[in-house]
Each structure stands twice: as structure tokens, then as C-alpha cells.
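# I would like the atomic coordinates for the input below:
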Amino acid sequence: MTTRIGGDPLARHTDARLARPLPAGLRAARKDVLDAVQELGTISDASLSRPWPWKGEGEEEVRYGFYRIGEAFELAAIDAQAAIRAAGAERGRAAELIAPATVARWDLQGLLIPLPDSAWDANPGGGEWTIRQTMGHVIGGQRSYGVVTAWWQDQGFRADDPKLPPSTPDAARDGLPSEEAEAQGAPAQVRGRLGDVLDAAAERLGGLPADRLRLGTRWSGFAVDIGFRLGRWSSHIREHTIQVEKTLVMLDHQSTEVDRLIRLVLAAWGRAEAVVYGSTGDREALAVLSTAAAGARTTAAKVAGIARG
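Below you'll find the model as predicted:
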């Protein structure tokens, strides 16, 4: 029987015993990564070719500092996966389906973080959304994906059930914020809100057992299963990442090389985080990611210091 908690629709329609809270170690690692990115963001394109005495043996460029951090995250993904295999840990299919969403999330963050705040409300013309409006939709869509998926899996319909409702009832979304409300606040607040909403859904749905993933639901009028819905999270974020890219073209925004490098760093982090995302987190795997994140912060501080002269 489902254990329901409070007024939160995610909690109301999911079993508390299956919840998988985001590990504190992962939250701490994320802070190190974002601190590293903040340091990297102080570097100018003109400083990228300055010499960096990496390991004290000869010289590399400051530019390589970005790539070195990305390489470390890619290695961490490999080593974390090996640690999970060695421990014999099983995440389950629900978490595996959800994990690509954090890859998409960090790629989008890599595009957004270097932007000046003024870009968020700049009008691209032609009736197209501003970046803020797009983000309001992304956040509202992700919140709805979590709540509506929770509602459908709680109903227990088979995917081929002739009584499968033709659509999600409006009542399943009662009380959810509007897209306008989701977009309110400083850009950093809005970016953080996307992460919070995605994490909340992953925590409540990452532990769904395999039989729940085969239950029926609707998406855009089509009869699909719960597993399909979980797999849609990542592609929805990516759809609108492309929309933000197109908006920046319409705004004649020119990304710097540093902007592009920061996006590569965060995309690499997203791939590493995906190894443990949606699970309770294997201790050794989390330790691997934590070490890589702390190393990124150290490397970023060193190369930023050299870049500043």
C-alpha cells in the first residue's frame, strides 16, 4: 500500500519507503564543482595561452586547466562505475532511466552560467520566448513530469488497459506553480530551482520497482508506460537547451572561448554525476566523485590565479 505524506503531490502519490534522498556527499561535490566554475569564469580569453607549470614539469597553457578538469571528471565516471560493479550494487531501471536527465541539466547549466543577467530578459523578437520564459517552461515542465508520473504510477493501470484515461486529469496538477512563477527571481535562483525540481522528482521516483515502470500512462495523448515518461525528462531539457541556443543567436550573443570551455567542464561533470544519480549512492563511487570535484576546485583556483597574473 502506498504511504502518503503531507500535501506535496510527489509525496502523496509515491511510497516513502522507496524514496532515495540525494546523498549529502553529492551535494557537497556539486558545491566544489560550482566553486571551480566560478573561478574559471574569471579567466579571460586573452589569458588562456599563459603558461601553466602543471606538475612543475615543463609548461602547459592555462587553457589546458579546463580540459584537465574535464578529463578528471571523465576518469571519475569510469572509476565510480567500477566501484559500483565491485560493490555489486544495483541501481534499478528507474534510476537508470532518470540518470540522463542530470547530464542534460548540467549541460544546460553550462550554457546558462556564463551568460550576463541582462541576456535573460532580452527580447529576441518575432514573438519568441526570452531565456527567462524558456526556463519557466523547462522548470514547470519538469515539475509536472515528476508529479504527473507519480500520479499515473499510483493509479495502477496496465499499459494496454482499455479503461486507461484518455489524458491526465487537471486535478493531478492542482496547486503547481505557473510557468511565470517558476521563472521569477535572479538568474541564479532560477537555475537553482531547476536543479531542485529535478532532484525532488529523482528522489521520489528513482526507486520505483520494475513492475511500476510497466504501468500505463498518457503522454501527448499516446498510451505509453511509466518508463517512457522517465526517459522523457532528459530529452525535454535538451529540447529547450537548443531553444536557448537559438535565442542567443537571435540576440547576436557571442560566446567566448571560456564560456564554451565552462560548458564542456559542466557537461563532463554531468556524465560523472549520472553514474550515481537517482540511487542511494554507493559510498566508494561517491568518494570518487567527491575527490574529483575537490580536485577541480583546486585546479581552477591555480589556473585562475595564473591567468590573473
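# could you use CA atoms for every contact and neighbour count after this?
Fine.
# show me where the protein has helices.
Residue ranges of the helices in the chain, as given by DSSP state H, are 9-12, 24-40, 62-87, 93-98, 100-112, 131-155, 179-182, 187-205, 210-213, 226-250, 257-273, 283-308.
# okay, the ones you listed in JSON lines with mean neighbour count and distance to P53 next?
Written out in JSON lines, the entries for those read as follows (neighbours: other C-alpha atoms under 10 Å; distance: least, C-alpha to C-alpha, whole Å):
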{"stretch": "helix 9-12", "mean neighbour count": "21", "distance to P53": "51"}
{"stretch": "helix 24-40", "mean neighbour count": "19", "distance to P53": "17"}
{"stretch": "helix 62-87", "mean neighbour count": "20", "distance to P53": "9"}
{"stretch": "helix 93-98", "mean neighbour count": "22", "distance to P53": "40"}
{"stretch": "helix 100-112", "mean neighbour count": "23", "distance to P53": "27"}
{"stretch": "helix 131-155", "mean neighbour count": "22", "distance to P53": "40"}
{"stretch": "helix 179-182", "mean neighbour count": "17", "distance to P53": "45"}
{"stretch": "helix 187-205", "mean neighbour count": "20", "distance to P53": "34"}
{"stretch": "helix 210-213", "mean neighbour count": "15", "distance to P53": "51"}
{"stretch": "helix 226-250", "mean neighbour count": "18", "distance to P53": "35"}
{"stretch": "helix 257-273", "mean neighbour count": "23", "distance to P53": "20"}
{"stretch": "helix 283-308", "mean neighbour count": "20", "distance to P53": "10"}
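# by mean pLDDT, show me the worst of those.
The stretch with the lowest mean pLDDT among these is helix 9-12, which comes in at a mean of 90.
# helices and strands around it, which ones?
Secondary structure elements in contact with helix 9-12, counted by 3 or more C-alpha pairs under 8 Å, 6 or more residues apart in numbering; DSSP states H and E, are helix 131-155, helix 187-205.
# centre of the chain to that helix, how far?
Relative to the mean C-alpha coordinate of its chain, helix 9-12 is positioned 21 Å out (C-alpha atoms, centre = their mean, to the nearest Å).
# just the C-alphas of that helix, formatted as CSV.
Presented in CSV, the C-alpha positions along helix 9-12 are these (Å, rounded to 0.1, in the frame of the first residue of the first chain):
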residue,chain,number,x,y,z
PRO,A,9,1.7,15.7,-4.7
LEU,A,10,5.0,14.0,-5.4
ALA,A,11,5.0,12.6,-1.8
ARG,A,12,1.2,12.0,-1.9
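# look up how far Q243 lies from the residue lying closest to T247 once chain neighbours are set aside.
Counting by C-alpha to C-alpha, 6 or more residues apart in numbering, the nearest residue to T247 once its immediate chain neighbours are dropped is P124, at 6.2 Å. Distance of P124 to Q243, given as C-alpha to C-alpha, to the nearest Å: 12 Å.
# also T280?
Between T280 and Q243 the distance is 33 Å, computed by C-alpha to C-alpha.
# kindly report the same for A87.
Counting by C-alpha to C-alpha, the gap between A87 and Q243 amounts to 41 Å.
# about what we covered before: need the helices and strands packed on helix 9-12 in TSV with distance to L164, can you?
Shown next, in TSV, are those (distance: least, C-alpha to C-alpha, whole Å):
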stretch	distance to L164
helix 131-155	10
helix 187-205	21
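# just to revisit the earlier point, as TSV, the helices of the chain with distance to P162 would be great.
Listed next are the helices of the chain as TSV, based on distance: least, C-alpha to C-alpha, whole Å:
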stretch	distance to P162
helix 9-12	26
helix 24-40	43
helix 62-87	41
helix 93-98	25
helix 100-112	31
helix 131-155	14
helix 179-182	33
helix 187-205	26
helix 210-213	18
helix 226-250	17
helix 257-273	40
helix 283-308	44
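# for R212, what are its contacts?
In this structure, R212 makes contact with 153, 156, 226, judged by C-alpha atoms under 8 Å, 6 or more residues apart in numbering.
# excluding its backbone neighbours, what's nearest the second one?
Computed as C-alpha to C-alpha, 6+ apart, the closest residue to G156 that is not its neighbour in sequence is L215, at 6.2 Å.
# having no further points to raise, I will conclude here.
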